[in-house]
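1. Sequence and predicted structure are below.
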2 protein chains.
Amino acid sequence: MLINDLPRYEILDEAALAELERGWRRIVSELGIEFLYPEALDYLRDAGQQVDGELVRFDPDWILEQVAKAPPEFDLQARNPERSVHIGGNHMVFSAVYGCPFVREGDERRDATYDDFQNLVKLAQSFPQLDSPGGTICEPNDRPLDSRHLDMVFALLTLSDKPFMGSVTSGPNAVDTIAMAEMVFGRESLEETPAIISLINVNSPLRYDDRMLSALVEYAKAGQATVITPFLLMGAMSPVSIPATLAQQVGEALAGIALVQTIRPGCPVVFGSFLSNTDMQSGSPSFGTPESATGLLCTGQMARHYGLPWRSGGMFTSSQTVDAQASYEALMTMMPTFLAGTNWVMHSAGWLESGLVSCYEKFIVDIEILRMLQEEFQPLEINEETLAFGAHEEVGAGGHFLGAAHTLERFRDCFYRPLLSSTENFERWKRLGGRDAAERAGEIWRQKLTEYEQPPLDGGVESQLAEYVSRRRTELGD
Amino acid sequence: MLINDLPRYEILDEAALAELERGWRRIVSELGIEFLYPEALDYLRDAGQQVDGELVRFDPDWILEQVAKAPPEFDLQARNPERSVHIGGNHMVFSAVYGCPFVREGDERRDATYDDFQNLVKLAQSFPQLDSPGGTICEPNDRPLDSRHLDMVFALLTLSDKPFMGSVTSGPNAVDTIAMAEMVFGRESLEETPAIISLINVNSPLRYDDRMLSALVEYAKAGQATVITPFLLMGAMSPVSIPATLAQQVGEALAGIALVQTIRPGCPVVFGSFLSNTDMQSGSPSFGTPESATGLLCTGQMARHYGLPWRSGGMFTSSQTVDAQASYEALMTMMPTFLAGTNWVMHSAGWLESGLVSCYEKFIVDIEILRMLQEEFQPLEINEETLAFGAHEEVGAGGHFLGAAHTLERFRDCFYRPLLSSTENFERWKRLGGRDAAERAGEIWRQKLTEYEQPPLDGGVESQLAEYVSRRRTELGD
């Protein structure tokens, strides 16, 4: 977890914020948002919102009243208390890639399996730059569809002791997640401080579907955190205009957050953003774009405006392989993520090919970028000691600092030390095989996996979890 | 030329700036700076500074008095007036890589030649994202050493109509550069508005050498712009501390700028920064580091504090090849370059292998990054039109915006269109050869070279330049 005490980079003035405010108010009140789940409609109807079939037209002031009940910051428990995180304020919490059906390992691209899932959770556990493995770090396609959420939660709770993300594929799957978390954390502790954070995507434009809503309702009832995220690729799920998309995003997110607060006032909730654009030439999603960076910076300002912790960012790319494009697109999003002080950052390692692929080598490239940024966003201390006049006196005009006493005392930790990047001269690099960053990344993740040690979990709890998985799998007919 | 009207990202408070001020004042007054050129020493002695052999101890207040005579902004002429640029304020001017002895083309790394020099100048001319080819875009090793500056200036003046950088290898070479520029611009015009900008590196720490000083003197006398740049790799040419290095940088740069103003008050001059660090494990220079990004942001704040246009940034990398490292390191420097609003940006395209290599494919990768950033750093207009409520009305809940009237009216220019990046789906990408960004870049630069057209230059002038080159080459014995 990084505490980012550097300034926020803000590009909207008051007039712009007021225009956007006008925009979302008009959308939620005049057009409304669909909620395809009866229980959600009941909550909103009972709270006095205008429900017409599945369409809800909102009073924007009522939305803001509900939003004000959400905590501006909250703690999220890990099963290892030292790895618990704080979400909000200047805190930045990083989790790995999420939701990919495929994996890439070297030159091989294939269906992701449960083995891959476990490997990637282990890698997320191994790097301190990641605060959480996230949840669906890849889709374990070799496990039965109806019960694979159990396998995933089991792996997340046993192979990692960092905070994790819950299943959102249905209400019952959310209930399973909560039940398993209770075995690890205890019901009372879970009730007091959330230990699950789950991604609720809006089926944009202007629609929440039944699967996501049923999961949202369960997590809200249990006081567990959700990340309410409009899923916006401009040109597909929103207009081809950043301001129009921002207004839509605020309207959609705040409406969902208001619903959470209606179910359980004070329940921790995160303002989510997933905002990029369609490549209008290919019709495909496009990542790491200038538009998405601008959208991200604006989103941060607006989330702060509404006093909410917020989610955005990620090491996004459309690239099919771990090349120059993969990393400039990743950093093109991740740098604004830091500048804007995003509180909950998903997809911080491993994302490739527009999110279709969890890639082992890209995971390592992303960890390197993350390490660099986490170092860069530390305040600079300027004082008599760091001005180091003595070093200048020692070396003098035309001298060299490499052998200076000032250097020898500090050389071990004076600068960032790369994990992946090479500064070797050409001859030496060539002699050692002339391997590019992707090839070197392949060695690093393999080495990390061999060094992995499972974080201890009370044996009784692990078998209790295993029994639960086994029983529920039978009940689900898998 | 980009006018960057977005906010500057500033991380230093007043107290920090005051500490740094204290730092450089102490360095220039107590330790002093060496000037290994008698004429420079004469100027400084005559101006009342304390000269002891080649060491000059400065009165910091005198330095600031001289610095105040430098224009905060100035115009730089191109031979095509439409390509003239303005240096300072919110303007950002981009030039290509500079000073590399080698080139890389695909998998081949070799000594750079005059053919390469011409090719790279043509590429710099071809991309509107670059405002200048710069100067020594690569070292034409197949031309005689004593006269190759003539070949370079000839190519820069004939193959491109953008502003160019002059030779700094000696005073006489600077005189040649000025003489050739006079043939193109006319003496009077050159005197009125500079048409040459030249890179004067400090031989850090605390030393200006005779070659650079003799060039500096000639350019200052002729009223041509120089970029006074301390060359700082922390751990080698400066202490292993960012604040100590910043203090040194300000002291070294302001002393040189004061010298220029002593020679010719009001002469355009740029506060230069080239600041990175040594990799303390390999002892090699390291680029795209967190430390260099922090240094860059601080440098911008200090240059503005002294009212000077400033230079920094570049697509730096230590990578030996066009891989993921090459592009994350490049962007790790270039993003702060934009955030800090750097006025004169060198090495904006083509840099590879810690500056030893001008790389054709990296040139294209860098142009893509530059295009993205130039798009990103445009103010966002938020108003009734961009809020596009009508688009939301048109599409409604659960709809799709791809075929919406709002989209169809705008799809051509609503989003950034990539030059190099691919969003193709995996199957199509694979079918088309599965080429990574570096391979695609190879096609792009070759295509650009075939499309290149030489910008017209009055025939008389071109042969006059050619005659000058021929005569001077004979005089120089090559």
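-> Ah, there it is. Given the structure is predicted, the values throughout are model-derived calculations rather than measurements. Residues are numbered from 1 along each chain as shown, chains lettered A, B, ... in the order given.

2. Contacts for stretch A:281-291 next, please.
-> The contact list for stretch A:281-291, computed with C-beta atoms under 8 Å, 6 or more residues apart in numbering or on different chains, reads A:233-234, A:236, A:242, A:276-279, A:316-318, A:328-333, A:354-355, B:372-373, B:375-376, B:402, B:415-418, B:421, B:423-425. C-beta coordinates here come from the backbone N, C-alpha and C atoms, glycine included.

3. Indicate whether stretch A:101-113 makes contact with chain B.
-> Yes: under the criterion of C-beta under 8 Å from any C-beta of the partner chain, chain B is reached by stretch A:101-113 at residue A:109.

4. can you tell if the longest strand that chain A contains touches chain B?
-> Counting residues, the longest strand found in chain A (DSSP state E) is strand A:225-234. Yes: Strand A:225-234 lies within reach of chain B by C-beta under 8 Å from any C-beta, at residue A:234.

5. one step back: just the buried subset of the contacts of stretch A:281-291, please.
-> A:233-234, A:236, A:242, A:276-279, A:316-318, A:328-333, A:354-355, B:372-373, B:375-376, B:402, B:415-416, B:418, B:421, B:423-425 (16 or more other C-beta atoms under 10 Å in any protein chain shown).

6. So which of those residues belong to strands?
-> Using DSSP E, the buried ones among the contacts of stretch A:281-291 in strands are A:233-234, A:276-278.

7. how about these in TSV, adding distance to residue B:346 and pLDDT?
-> Shown next, in TSV, are these (distance: C-beta to C-beta, whole Å; pLDDT from 0 to 100):
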residue	distance to residue B:346	pLDDT
A:233	37	97
A:234	35	98
A:276	32	97
A:277	32	97
A:278	36	96
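
8. Nearest to chain B among those?
-> residue A:277 (5.0 Å; C-beta to the nearest C-beta).

9. Please name the nearest non-neighbouring residue to that closest one.
-> Distances taken as C-beta to C-beta, 6 or more residues apart in numbering or on different chains put residue A:234 closest to residue A:277, at 4.0 Å, once the chain neighbours are dropped.

10. mind listing what that neighbour touches?
-> A:240-242, A:245, A:275-278, A:291, B:401, B:414-415.

11. do the same with residue A:159
-> A:118, A:121-122, A:125, A:454-455.

12. same check, this time on residue A:418
-> Counting by C-beta under 8 Å, 6+ apart, the residues that residue A:418 touches are A:368, B:279, B:286.

13. Ramachandran coordinates for it?
-> phi -70, psi 150 (degrees, to the nearest 10).

14. pLDDT score for it?
-> Looking at residue A:418, its pLDDT stands at 96.

15. Next: residue A:478.
-> 87.

16. How about the secondary structure of it?
-> Using DSSP: H, G, I helix; E, B strand; the rest coil, the structure places residue A:478 in coil.

17. That one touches residue A:146, doesn't it?
-> Yes: Residue A:478 is within contact range of residue A:146, at 5.3 Å (criterion: C-beta atoms under 8 Å).

18. Hey, what's the angle from the lengthiest helix in chain A to strand A:225-234? Just curious.
-> When chain A is parsed with DSSP state H, its longest helix is helix A:242-263. In terms of direction (axes from the mean of the first three to the mean of the last three C-alpha atoms, to 10 degrees), helix A:242-263 departs from strand A:225-234 by 160 degrees.

19. does helix A:242-263 come close to chain B?
-> Yes: if you take C-beta under 8 Å from any C-beta as the test, helix A:242-263 does meet chain B, through A:242-244, A:247-248.

20. Could you pull out the helices in the stretch 351-478 of chain A for me?
-> Secondary structure of the stretch 351-478 of chain A (DSSP state H, counting those that start in this stretch): helices at A:360-376, A:384-387, A:389-395, A:405-408, A:426-431, A:437-451, A:459-475.

21. what's the most buried one of those helices?
-> Stretch with highest mean neighbour count among the helices of the stretch 351-478 of chain A: helix A:360-376 (a mean of 26; mean count of other C-beta atoms under 10 Å in any protein chain shown).

22. who touches stretch A:253-260?
-> Outside stretch A:253-260, the residues that reach it (C-beta under 8 Å, 6+ apart) are A:24, A:28, A:33, A:35, A:40, A:43-44, A:56, A:58, A:62-64, A:66-67, A:70, A:200, A:202, A:208, A:216, A:220, A:226, A:228-230, A:267, A:269, A:271-273, A:306, A:308.

23. Please report the distance of the residue nearest to residue A:433 when sequence neighbours are not counted from residue A:432.
-> Distance criterion C-beta to C-beta, 6+ apart; nearest residue to residue A:433, sequence neighbours excluded, is residue A:439 at 7.9 Å. Here the distance between residue A:439 and residue A:432 works out to 11 Å (C-beta to C-beta, to the nearest Å).

24. Distance check, residue A:266 against chain B.
-> For residue A:266, the distance to chain B equals 29 Å [C-beta to the nearest C-beta, to the nearest Å].

25. I should have written residue A:331 there, sorry.
-> For residue A:331, the distance to chain B - C-beta to the nearest C-beta - is 5 Å.

26. how about that residue, what does it touch?
-> Applying C-beta under 8 Å, 6+ apart, one finds that residue A:331 lies in contact with A:288, A:315, A:369, B:327-328, B:331-332, B:335.

27. Go through the contacts of residue A:159 and give me the one with the most neighbours.
-> residue A:121 (26 neighbours; other C-beta atoms under 10 Å in any protein chain shown).

28. Look at that residue and tell me its secondary structure.
-> helix.

29. From what I see, it and residue A:133 are in contact.
-> Yes: if you go by C-beta under 8 Å, residue A:121 and residue A:133 touch, sitting 4.7 Å apart.

30. Please enumerate the shared neighbours of those two.
-> Common neighbours of residue A:121 and residue A:133 (C-beta under 8 Å, 6+ apart) are A:156, A:160.

31. and the residue nearest to residue A:277, what are its bridge partners?
-> Beta-bridge pairing for residue A:234 (DSSP bridges): residue A:238, residue A:277.

32. And it, how close does it get to residue A:247?
-> 12 Å.

33. And residue A:146, by the same measure?
-> Relative to residue A:247, and taking C-beta to C-beta, residue A:146 is found at 38 Å.

34. what's the closest of the residues of helix A:242-263 next to chain B to residue A:167?
-> residue A:248 (27.0 Å; C-beta to C-beta).

35. in which helix or strand would I find residue A:199?
-> Assigned by DSSP states H and E, residue A:199 falls within strand A:196-202.

36. mind listing what the helix or strand just after that strand pairs with, with the direction of each?
-> Counting by DSSP H and E, the next helix or strand C-terminal to strand A:196-202 is strand A:207-208. Under the criterion DSSP bridges, strand A:207-208 sits next to strand A:33-35 (parallel) in its sheet.

37. Now do the partner strand, average pLDDT.
-> 98.

38. Next, the contact list for the most centrally placed residue in chain A, please.
-> A centroid search over chain A (C-alpha atoms, centre = their mean) returns residue A:346, at 1.4 Å, as the residue closest to the centre. Contact analysis of residue A:346 by C-beta under 8 Å, 6+ apart lists A:95, A:97-98, A:134, A:199, A:227, A:311, A:313-314.

39. so what pLDDT did it get?
-> 98.

40. Please report the distance of it from residue A:131.
-> For residue A:346, the distance to residue A:131 - C-beta to C-beta - is 11 Å.

41. between those two, what contacts are shared?
-> Counting by C-beta under 8 Å, 6+ apart, the common neighbours of residue A:346 and residue A:131 are residue A:95.

42. what's the pLDDT at the closest residue to residue A:422 other than its chain neighbours?
-> Excluding its sequence neighbours, the residue lying closest to residue A:422 (C-beta to C-beta, 6+ apart) is residue A:429, at 6.3 Å. pLDDT for residue A:429: 97.

43. Helices of the stretch 51-200 of chain A, residue ranges please.
-> Counting by DSSP H, counting those that start in this stretch, the helices of the stretch 51-200 of chain A are A:60-67, A:114-126, A:148-159, A:171-185, A:187-192.

44. Nothing else from me, thank you.
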